[in-house]
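Student: What follows is a protein structure lacking sequence information:
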């Protein structure tokens, strides 16, 4: 089975991204749609996704492509929202398939984890540093993942 690395960020709402990542004239309600064109997953803390009502969760599903994955903190399979059930994975912050990184993370260390890791790995930026995210994206591409 081919190894796969999905790149994402902890949440798509980041004040620092207002003009650095999202087009300045983009309405806030379009941000997830734009985010999902650049990333293949998003990690959502339990405090975020559990407060969302069913209409909001359904809108998230509609705003993303069919292969986009929501990583829902501390969600058990039976607790996954029905509208996201085939598009979400319940995961703990310490799950071995979840590789956290930030602007200080060594790419050499990440490469070692990628080479030795599970079949499906999730590389998730904690701090949303766009420069480091691009370096990690390049690393994933160079490793053929």
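Tutor: Cool, got the structure. On a predicted model such as this, the values are computed, not experimentally measured, just so you know. Numbers count the residues shown, from 1 in each chain.
Student: Quick one: the strands in this protein, in order.
Tutor: 4-10, 41-44, 69-73, 88-91, 98-101, 120-125 (DSSP state E).
Student: Those strands into CSV, with extra columns for mean pLDDT?
Tutor: Output for the strands of the chain, formatted as CSV (pLDDT from 0 to 100):
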stretch, mean pLDDT
strand 4-10, 96
strand 41-44, 97
strand 69-73, 95
strand 88-91, 92
strand 98-101, 96
strand 120-125, 95
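Student: Would you point to the one among those that's packed deepest?
Tutor: Mean neighbour count (mean count of other CB atoms under 10 Å) peaks for strand 41-44 among these, with a mean of 24. Using the backbone N, CA and C atoms, a C-beta is placed for each residue, glycine as well.
Student: what lines up beside that strand in the sheet?
Tutor: Strand pairing for strand 41-44, determined by DSSP bridges: strand 4-10 (parallel), strand 69-73 (parallel).
Student: Indicate which one of the strands of the chain is closest to residue 54.
Tutor: strand 88-91 (13.4 Å; CB to CB).
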